[in-house]
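Asker: what would the 3D arrangement of this be:
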Amino acid sequence: MFQLSEASQAYLLKLSRQTLDEFLSFGRRPTDLPTSEELLEKRGAFVTLASHGRLRGCIGYVVPLFSLYKTVIDCSISAATEDPRFEPLKLEELEEIEIEISVLSPLDEVKDIQQIDVGTHGLIVSQKGKRGLLLPQVPTEHGWDRERFLTETCRKAGLPLDAWKEGAKIEYFTAFVFREGQPQAGQKSSADCRF
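Answerer: Numbers count the residues shown, from 1 in each chain. I've put the predicted structure just below:
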């Protein structure tokens with residue numbers, strides 16, 4: 001399973017916070033280029049912002065469009081300012097914000113739902129131009145089994161709840177999750193993200 005070094009985790013969390021500070025203060029993005037190969041590799045990722053344990057914004061890219069460090073910069077800004085469920089983040093809120101980053105593996109298509117390992121895999125269900133995604137940590141936090149996970153991913157997509165049985169495309173991925181103040185990766189998250 002994909003992992004990032006502790007140095008890269010620390011770098012990305014610091015980069016996300018620096019990005020939020022610079023963007024909310026001056027409307028600019030950090031311009032330093034990292035030298036680590038794993039940060040320059042193209043990867044999908046999500047940035048989740050929480051305030052006092054409650055979701056405050058979450059945006060990400062499923063497809064690896066940009067280098068990981070650039071994806072984190074873009075998603076940090078988008079989670080703070082473009083998540084339609086929340087008002088844009090204000091600079092004075094920043095000290096209350098906790099940052100979590102989920103770095104995604106490439107997508108694989110599910111041929112048999114038995115392939116889905118609840119707590120390990122995230123899901124994307126798509127059909128007729130609609131698509132919903134739930135990160136791997138979500139079903140574990142809610143105590144869902146495999147079928148409930150599929151049903152809730154359909155709900156997220158705005159599809160009939162049984163679309164996963166009726167020809168919808170199902171894809172899975174893993175996520176390497178880390179957050180500020182955590183001693184090691186792998187803690188649960190309440191992330192309900194947009195992409």
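Asker: could I get the buried residue list for stretch 75-94?
Answerer: By neighbour count on 16 or more other Cβ atoms under 10 Å, the buried set for stretch 75-94 is C75, S76, I77, S78, A79, A80, T81, D83, F86, L89, E93, L94. Every C-beta, even on glycine, is put in place using the N, C-alpha and C of the backbone.
Asker: could I get it in CSV with only the CA atoms?
Answerer: Output of stretch 75-94 as CSV, limited to C-alpha atoms (Å, rounded to 0.1, in the frame of the first residue of the first chain):
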residue,chain,number,x,y,z
CYS,A,75,-7.0,21.7,-2.8
SER,A,76,-6.1,23.7,0.3
ILE,A,77,-7.3,26.9,-1.4
SER,A,78,-10.4,25.2,-2.8
ALA,A,79,-11.4,23.5,0.5
ALA,A,80,-11.1,26.9,2.2
THR,A,81,-12.9,29.0,-0.4
GLU,A,82,-14.9,26.9,-2.9
ASP,A,83,-16.7,24.1,-0.9
PRO,A,84,-20.3,25.0,-1.7
ARG,A,85,-21.5,23.7,1.7
PHE,A,86,-19.7,26.4,3.6
GLU,A,87,-18.9,30.1,3.6
PRO,A,88,-15.4,30.9,2.5
LEU,A,89,-12.9,30.6,5.4
LYS,A,90,-11.7,33.8,7.0
LEU,A,91,-8.2,34.5,8.1
GLU,A,92,-9.2,34.9,11.7
GLU,A,93,-10.6,31.3,11.7
LEU,A,94,-7.3,29.8,10.5
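Asker: look up how far L24 lies from the closest residue in space to E100 that isn't next to it in sequence.
Answerer: Nearest residue to E100 in three dimensions, chain neighbours excluded: R179, at 3.8 Å (Cβ to Cβ, 6 or more residues apart in numbering). From R179 across to L24, the span is 20 Å (Cβ to Cβ, to the nearest Å).
Asker: which stretches of this protein form helices?
Answerer: Counting by DSSP state H, the chain has these helices, from start to end: 6-26, 37-40, 68-81, 137-142, 146-157.
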